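Student: Next input, structure requested:
(2 chains)
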Number of protein chains: 2
Amino acid sequence: MIGQKGFRVVKPEIRVLGIDDGKFIPHTQGTAIVVGVVFRGGYWIDGVMHTRISIDGLDATEQLASMINNSPHRKQLRLVMLNGITFAGFNIVDIKELHLSTKLPVMALTRDKPDLEAIRQALKNLPNTDERWRMALEAGEIYKVSCKGSANYVELAGISLADAQKIMKLTSTRSCFPEPLRVAHLIASGITP
Amino acid sequence: MIGQKGFRVVKPEIRVLGIDDGKFIPHTQGTAIVVGVVFRGGYWIDGVMHTRISIDGLDATEQLASMINNSPHRKQLRLVMLNGITFAGFNIVDIKELHLSTKLPVMALTRDKPDLEAIRQALKNLPNTDERWRMALEAGEIYKVSCKGSANYVELAGISLADAQKIMKLTSTRSCFPEPLRVAHLIASGITP
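Tutor: This next block holds a predicted model:
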């Protein structure tokens, strides 16, 4: 694994990219929009980017890597935060692969604990079941991170749990959820029908 | 005119809607996306909404009013900020009419002083020249508002210049431009090709 050398220090204005998908009609052909928001620490928005991925497809990892690597913000970015590992239905992000192809640490956060058994069952109804299941497992251990009585669940690639916790704390300015992801969700859902 | 009773007090967490349009191909048929961002004062994003308007069309005022009046955020909103009065080319917003139909004060801001003579010349190449020109003039007096050596230009409907200046100062947290408009611009341009 590259990049897990740890953050020497987490700067208060660290540039974090938060990523979430927009609304779409499930089980249809076509694409869903995915929005990335560049936050400077937990307060300021520096930029917004987007890409499209296939509904229930297999291209999420590749499209996200391409969006990030081609962005004018790439050089400033220090971390990628995903709202979970499944986008546009069951288009699963391989967070280890995303970490390798962007050379950035990646963390996937959810408010609810990912239910792997439910995912495994749902994947049986889709083509490429084994490949998707491998990606879901690749995300590795699921850590619980508490915050004022509530909890988030995180999966990590290229970053230690200690550093991930520091960055979550720094960016969770408005609530117990990091601003880059809270705002990516508001934007992605607000611009889709 | 309704609503120009003035703000008894401008609360630090006043809900302001900032509106800007996305990228589009000029002089084509079709529509452009327009994004609205609900800010709580100058710091927190409470929500995002969108609508579509015709490129060089005449429906901007009506579509914005409909987006605002149908939003779940409507009751919390106290002010609408527009990034200028022309959207999607020369689809001009009649800010007095928008004020009347939403019952909210409206302010249109630009960093450069609106060049009315250039607008008048450009409108000659479009249908409904007179109607568009009337809407441009309806926006009324253009005020210069200075901030740390730079300046913004504002046109107002349903709000006094003194109140407009207070709200601009309160919401210009990151730069000399109000956050609701700075962020509406980043989102609208970041989600369009």
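
Student: mind pulling up the phi and psi values for residue A:38?
Tutor: phi -90, psi 120 (degrees, to the nearest 10).

Student: From chain B, how far off is it?
Tutor: Per C-beta to the nearest C-beta, to the nearest Å, residue A:38 is found 9 Å from chain B. For glycine as for every other residue, the C-beta is placed from the backbone atoms N, C-alpha and C.

Student: And for residue A:76?
Tutor: 14 Å.

Student: and residue A:132, that's in a helix?
Tutor: Yes. When DSSP: H, G, I helix; E, B strand; the rest coil is applied, residue A:132 is found to be in a helix.

Student: quick one, helices of chain A?
Tutor: Counting by DSSP state H, one finds helices in chain A at the ranges A:60-69, A:95-102, A:116-123, A:129-138, A:161-171, A:179-190.

Student: Mind checking the ones you listed for the one nearest to residue B:178?
Tutor: With C-beta to C-beta as the measure, helix A:179-190 is the member of the helices of chain A nearest residue B:178 (17.2 Å).

Student: Could you tell me the angle between the closest one and helix B:179-190?
Tutor: Helix A:179-190 runs at 70 degrees relative to helix B:179-190, counting by axes from the mean of the first three to the mean of the last three C-alpha atoms, to 10 degrees.

Student: got the buried residues for helix A:179-190?
Tutor: Residues of helix A:179-190 classed as buried: A:179, A:180, A:181, A:182, A:183, A:184, A:185, A:186, A:187, A:188, A:190 (neighbour count, 16 or more other C-beta atoms under 10 Å in any protein chain shown).

Student: How about stretch A:42-50?
Tutor: A:42, A:43, A:44, A:45, A:46, A:47, A:48, A:49, A:50.

Student: Pull the distance from that stretch to the chain's centre.
Tutor: 15 Å (C-alpha atoms, centre = their mean, to the nearest Å).

Student: so who does residue A:59 touch?
Tutor: Residue A:59 makes contacts with A:53, A:91, as judged by C-beta atoms under 8 Å, 6 or more residues apart in numbering or on different chains.

Student: Residue A:170 too?
Tutor: Contact partners of residue A:170, counting by C-beta under 8 Å, 6+ apart, are A:10, A:12, A:14, A:41, A:42.

Student: just to revisit the earlier point, wait, which of the helices of chain A is closest to residue A:147?
Tutor: helix A:161-171 (7.6 Å).

Student: average pLDDT across the closest one?
Tutor: Mean pLDDT, helix A:161-171: 95.

Student: Tell me the backbone dihedrals of the residue nearest to residue A:23 when sequence neighbours are not counted, please.
Tutor: Distance criterion C-beta to C-beta, 6 or more residues apart in numbering or on different chains; nearest residue to residue A:23, sequence neighbours excluded, is residue A:192 at 4.0 Å. Residue A:192 adopts backbone torsions of phi -110, psi 150, taken as degrees, to the nearest 10.

Student: and residue A:192, how many neighbours?
Tutor: Using other C-beta atoms under 10 Å in any protein chain shown, residue A:192 is surrounded by 16 other residues.

Student: So it sits against residue A:24, correct?
Tutor: Yes. Between residue A:192 and residue A:24 there is a contact under C-beta atoms under 8 Å: 7.2 Å.

Student: for the residue nearest in space to the middle of chain A, what are its contacts?
Tutor: The structure's chain A has its C-alpha centroid closest to residue A:82; by C-alpha atoms, centre = their mean the separation is 1.0 Å. Residue A:82 is in contact with A:19, A:20, A:93, A:95, A:106, A:107, A:108, A:109, A:181, counting by C-beta under 8 Å, 6+ apart.

Student: switch the cut-off to 6 Å
Tutor: Listed by C-beta atoms under 6 Å, 6 or more residues apart in numbering or on different chains, the contact set of residue A:82 reads A:19, A:108.

Student: Enumerate the residues of chain A near chain B.
Tutor: By C-beta under 6 Å from any C-beta of the partner chain, the part of chain A that sits against chain B consists of A:44, A:45, A:47, A:48, A:49, A:50, A:174, A:183, A:186, A:187, A:190, A:191.

Student: Reformat these into a markdown table and put distance to residue A:65 next to each item.
Tutor: Formatted as a markdown table, the residues of chain A next to chain B follow (distance: C-beta to C-beta, whole Å):
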| residue | distance to residue A:65 |
| --- | --- |
| A:44 | 25 |
| A:45 | 22 |
| A:47 | 18 |
| A:48 | 18 |
| A:49 | 13 |
| A:50 | 14 |
| A:174 | 29 |
| A:183 | 22 |
| A:186 | 24 |
| A:187 | 21 |
| A:190 | 25 |
| A:191 | 22 |
